[in-house]
Structures are given as C-alpha cells and as structure tokens.
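>>> What would the 3D arrangement of this be:
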Amino acid sequence: MAMRMKGAKCLTDSLFFDNDCLAAFLWVQREDLLLKLYPGKIVVPQPVYDELSYPGIAILKARIDYLIFNGQVHVEPINVGSDAYSLYYQLTVQPQGVQPIIGKGEAASIALAKLNKGIVASNNLKDISFYINKFHLKHITTGDILLEALVKGFITEVEGNKIWALMLAKRRKLGSRSFTDYIKEKQKQNAK
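Predicted coordinates for the structure are as follows:
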C-alpha cells in the first residue's frame with residue numbers, strides 16, 4: 001500500500017541529473033524507478049555523461065548508454081558560446097564575487113535546469129544550495145525520488161530501505177542512515 005505524505009512532489013519538468021544522484025540508481029540497477037517516474041524527462045548533461053565514462057566505472061557507462069540507445073535518456077551538450085556555457089563557465093571557473101566554484105557535473109545540471117526551467121537532481125547539497133537558492137531552481141535528491149516512488153506505489157518502505165542500504169554500500173552520500181529515517185525527517189520538515 002502506498003503511503004501518502006504531505007509535500008510529496010509530482011514532477012512534470014525535465015530533470016537534469018548530476019552524477020551523484022544518477023549514479024546512485026545506476027550502481028544498484030534501479031534506474032527503472034527513474035524511467036517509471038519521469039518518462040521522457042531524464043536529461044544527462046554532457047559533462048555528467050563524461051564523468052560516467054571514466055574507465056574505472058565502465059559498468060555505469062554501459063548502463064547509461066543502454067538507456068540513451070533506447071531513447072529513455074537524453075544527453076544535453078553545453079555548447080561554447082551558448083547561454084548555458086556562459087553560466088557553466090561562471091560556476092566552474094570564474095564565479096562572481098564570493099560565489100563558490102563547483103564541479104562540472106553540478107554546474108552543468110544547474111546551468112541547463114536554469115535555462116530550461118527544469119529540475120536539478122543532485123545529492124550534493126553542500127556545493128549546490130547557494131546556486132539553487134540564487135537562481136530559484138527546483139531541486140530533488142535521491143531520497144525525494146525514492147519517496148515519490150513509495151507514494152506512487154512503485155516500491156514499499158521495506159524495498160526502499162533495501163535500495164538505500166545498497167546505495168550506501170556503494171558509498172553514495174544520502175544524508176540519512178536509512179530510507180525510514182529519511183521519511184521521518186521529511187515528515188518532521190513538513191509538519192513545521
């Protein structure tokens with residue numbers, strides 16, 4: 001039985017995935033949840049795809065290539081001279097004032113989401129929160145995605161805890177010890 005929670009998001013905009021959020025699902029072979037929740041809305045910025053192409057993680061590249069080949073995921077380039085590139089460059093090389101420099105994957109997700117009115121999918125809150133707030137962007141984490149899967153009946157809480165444990169075993173930083181703990185934290189936030 002699906003649990004209903006106050007504040008659970010129903011997303012219709014495209015999601016621009018950072019490596020950490022996307023890889024969490026790829027490592028545990030549960031990208032099926034992303035495909036069920038966001039059909040036709042999954043965008044991988046080119047710099048994120050490049051990160052997934054590193055030789056040490058060939059299994060992730062194979063999994064994402066399969067999704068791209070089947071038209072389930074779209075890779076979005078950041079072309080030199082474009083508005084996306086200007087913002088990407090600012091975030092990665094030449095920030096304005098006291099703004100922090102962030103990684104290429106995070107910057108690409110933010111730049112593309114900002115210009116396309118999309119959603120940033122990232123767990124790296126420490127690095128991106130400043131820009132999420134500055135640009136008034138929508139944002140979602142792995143925990144939010146699993147919570148939406150629970151609410152829509154695609155997983156149970158027990159399954160969510162198993163997925164969460166597998167993600168933690170792959171050294172994914174999710175912010176909570178378990179999916180159940182994450183749910184409790186969200187319920188407390190929504191009660192305020």
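>>> what residues are up against the residue nearest the centre of the chain?
Closest to where the C-alpha atoms of the chain average out (CA atoms, centre = their mean) is A121, at 2.5 Å. The contact partners of A121, by CB atoms under 8 Å, 6 or more residues apart in numbering, come to 15-18, 21-22, 109, 139-141, 145. All C-beta atoms are positioned from the backbone trio N, CA, C, and that covers glycine.
>>> Quick check: the gap between it and E106.
Distance of A121 to E106, given as CB to CB, to the nearest Å: 11 Å.
>>> just for this protein, where's the confidence low?
Across the chain, the ranges flagged by pLDDT under 70 are 1-12.
>>> what about the strands in it?
Using DSSP state E, the strands found in the chain span residues 15-17, 42-45, 74-76, 119-121, 138-140.
>>> Return the list of helices and strands in contact with the longest one.
Spelled out, that is strand 42-45. Applying 3 or more CB pairs under 8 Å, 6 or more residues apart in numbering; DSSP states H and E, we find strand 42-45 packed against strand 15-17, helix 58-69, strand 74-76, helix 104-116.
>>> And for the last one?
With contacts defined as 3+ CB pairs under 8 Å, 6+ apart, strand 138-140 has these neighbours: strand 119-121.
>>> want to throw the strands of the chain into TSV with distance to K61?
Shown next, in TSV, are the strands of the chain (distance: least, CB to CB, whole Å):
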stretch	distance to K61
strand 15-17	14
strand 42-45	11
strand 74-76	12
strand 119-121	19
strand 138-140	23
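>>> Nearest to E157, out of those?
strand 138-140 (19.1 Å; CB to CB).
>>> Show me the helices in this protein, by range?
19-27, 31-37, 46-52, 58-69, 83-92, 104-116, 125-134, 142-151, 157-169, 179-191 (DSSP state H).
>>> Backbone dihedrals for P77, please?
phi -80, psi 160 (degrees, to the nearest 10).
>>> Can you get me a residue count around it?
14 (other CB atoms under 10 Å).
>>> If we ignore the residues flanking it in sequence, what's nearest it?
Q46 (4.6 Å; CB to CB, 6 or more residues apart in numbering).
>>> Run through the residues that contact that neighbour.
Here Q46 is in contact with 75-78, 108 (CB under 8 Å, 6+ apart).
>>> Among the residues you listed, the buried ones, what's the PyMOL command?
If you want just the buried ones from those in PyMOL, going by 16 or more other CB atoms under 10 Å, the selection is:
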select buried, resi 76+78+108
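>>> Just give me the closest of the contacts of Q46 to S86.
I78 (9.7 Å).
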